[in-house]
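Undergrad: With the input below, show me the fold.
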Amino acid sequence: MGSCQPHLDLRQPNQVVDYVVIQFELEAFLDSNMLPFLHLFQESLLPLVKLNAMIKKNSELRKRLHNTVIELQREHEQKQRGYEMAINYLVKKCLFLFIRHDHEGLLEHNVSMNYAKLKLVFDYVEANLSDKITVEQACLLANFSYTYFLKYFKQTLGITFTDYVIHRRIKYAERLLLTEDLSIAQIAEQVGLPNLSHFYKLFKRVHHCSPKSFKDTILARANATIHGRSG
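TA: Numbers count the residues shown, from 1 in each chain. I've put the predicted structure just below:
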């Protein structure tokens, strides 16, 4: 069900139904393996409610999705060690199940998009995370006009080029926070966001917390795990 679609209650009179509601942004689970498939689930290209037809016709898919959703709910409620990894895996499993069971081509609406055309752009971004990254250079690498490139990128990946670059810079910042002995200002500089207040703003947009809180939380969990084993 898409974010702009009405949530209907289909219960019959006197029928008791339990609802499990899961809300997430696909961009939060973006990684290199997801990139070729992210555009398949864009509401601008396919009303997600249409995927319900796939569930109704396929009992195996219905059962596996049900089990996955229940497991997601349990992981979120219990928050046992490693639950973040479990949730990441289970959300991607939901998307995988739709792709694997799409026997009628509901998700083939954008298959003609040539993802390979953007390979040079992805390489350019990864190689320049510490430096200035421009749309103009990306356009040259893809051999597209400025306007067409921005439209093509959004349709292919489901996010804007600017948001993609921000996502990659923040992911780089995560690695530096956990593996290098650097100040927040040094990390902001190294990931190409030298304006410290701007870096904080973008980091909070992704993680809903400050870089320091992110680091402290991850390290605290790691230390708790180590002490738990030694105890």
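Undergrad: can you give me the helices for the chain?
TA: With DSSP state H as the criterion, the chain has helices at 35-38, 52-57, 59-78, 83-100, 119-127, 135-142, 146-157, 161-179, 184-190, 196-207, 211-230.
Undergrad: Around the closest residue to Ile170 other than its chain neighbours, how many other residues sit close by?
TA: Nearest-residue entry for Ile170: Val206, 4.8 Å, with adjacent residues in sequence omitted and distances by CB to CB, 6 or more residues apart in numbering. Where C-beta positions appear, they are placed from N, C-alpha and C, glycine not excepted. Neighbour count for Val206, taken as other CB atoms under 10 Å: 17.
Undergrad: just the CA coordinates of stretch 179-194, formatted as CSV?
TA: In CSV, the C-alpha atoms belonging to stretch 179-194 read as follows (Å, rounded to 0.1, in the frame of the first residue of the first chain):
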residue,chain,number,x,y,z
THR,A,179,36.6,3.1,12.5
GLU,A,180,38.7,6.3,12.8
ASP,A,181,39.8,8.5,15.7
LEU,A,182,38.6,11.7,14.2
SER,A,183,36.6,14.7,15.4
ILE,A,184,33.2,15.4,14.0
ALA,A,185,34.6,18.4,12.2
GLN,A,186,37.3,16.3,10.6
ILE,A,187,34.8,13.7,9.5
ALA,A,188,32.5,16.3,8.0
GLU,A,189,35.5,17.6,6.1
GLN,A,190,36.5,14.2,4.9
VAL,A,191,33.0,13.3,3.6
GLY,A,192,32.7,16.5,1.6
LEU,A,193,30.4,18.4,3.9
PRO,A,194,32.8,21.0,5.6
